[in-house]
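A.B. asks: Below: sequence and its predicted model.
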Amino acid sequence: MTASLKSTRTQSAELPSQDSLVLDQAGLLPLPSVPSRAPLHLVEAEGQLQVHTAPYRGSFSTVFSQAVRAAGLGSRVLIAQFLKGGVQQGPAGCVNLCGGLAWLRPDVEACLSEAGLEQARPAVAEVWHTCRHHLMQGDLDQLVLDEPGLAVALGYLDEQELIDALEQRPGSMDVIITGPAIPASVMSMADQVTELRRGF
């Protein structure tokens, strides 16, 4: 039973209940009823498609540091570098950091900077297959795709496959695309475009 210690009294038109009789004898008033409110509706988080581009390679350390910070705060993050090779990398050798960040590179021994390297094609395809899987499943908070545009330009990645997967991405996932040579079709989809014009 809740009561107010106010000394003023009001008369009720209704018959007194047992509780109100007890309050009356003690010289207390019942608390006024609280009006009911509509229940709160939680708004689902909305992810963005962001593009960070520059005319040169290797200019996006700030994007990577933000991804590491997000993972350190509990987000599920994947950084996928399409053209930066690593020995014994690929999906089986993915590096895991901060408990929530996976760093994926193709299983090739060098950075790719030219077209037509047939031994690199399946390694890049494995990276793309993993990224596409996460885009379809929606099991990440943030996905960083490094140099997919250049991978398209060099013939290692199909532009239409990239567009189709981005169009089907879950609305709650942040997708950040970095690198030079971003296709116009991807630029037109972006919620935010950041262009670095010089590196110094």
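C.D. replies: Structure received.

A.B. asks: From the centre of this structure, give me the residue that's furthest out.
C.D. replies: In the chain, the residue that sits farthest from the middle, by C-alpha atoms, centre = their mean, is Gln25; the gap is 60.8 Å.

A.B. asks: Just confirm it is within a helix.
C.D. replies: Yes. The assignment for Gln25 by DSSP: H, G, I helix; E, B strand; the rest coil puts it in a helix.

A.B. asks: in stretch 127-139, what's buried?
C.D. replies: Buried residues in stretch 127-139, counting neighbours by 16 or more other C-beta atoms under 10 Å, are found at Val127, Trp128, Thr130, Cys131, Arg132, His134, Leu135. In short, each C-beta sits where N, CA and C put it, glycine included.

A.B. asks: which stretches of this protein form helices?
C.D. replies: For the chain, the helices identified by DSSP state H occupy 18-26, 61-72, 121-137, 148-153, 159-167, 184-189, in order along the chain.

A.B. asks: Quick check: which helices or strands does the fourth one pack against?
C.D. replies: I take that to be helix 148-153. The helices and strands touching helix 148-153, judged by 3 or more C-beta pairs under 8 Å, 6 or more residues apart in numbering; DSSP states H and E, are helix 121-137, helix 159-167.

A.B. asks: let's see it at 10 Å
C.D. replies: strand 77-81, helix 121-137, helix 159-167, strand 174-178, helix 184-189 (3 or more C-beta pairs under 10 Å, 6 or more residues apart in numbering; DSSP states H and E).
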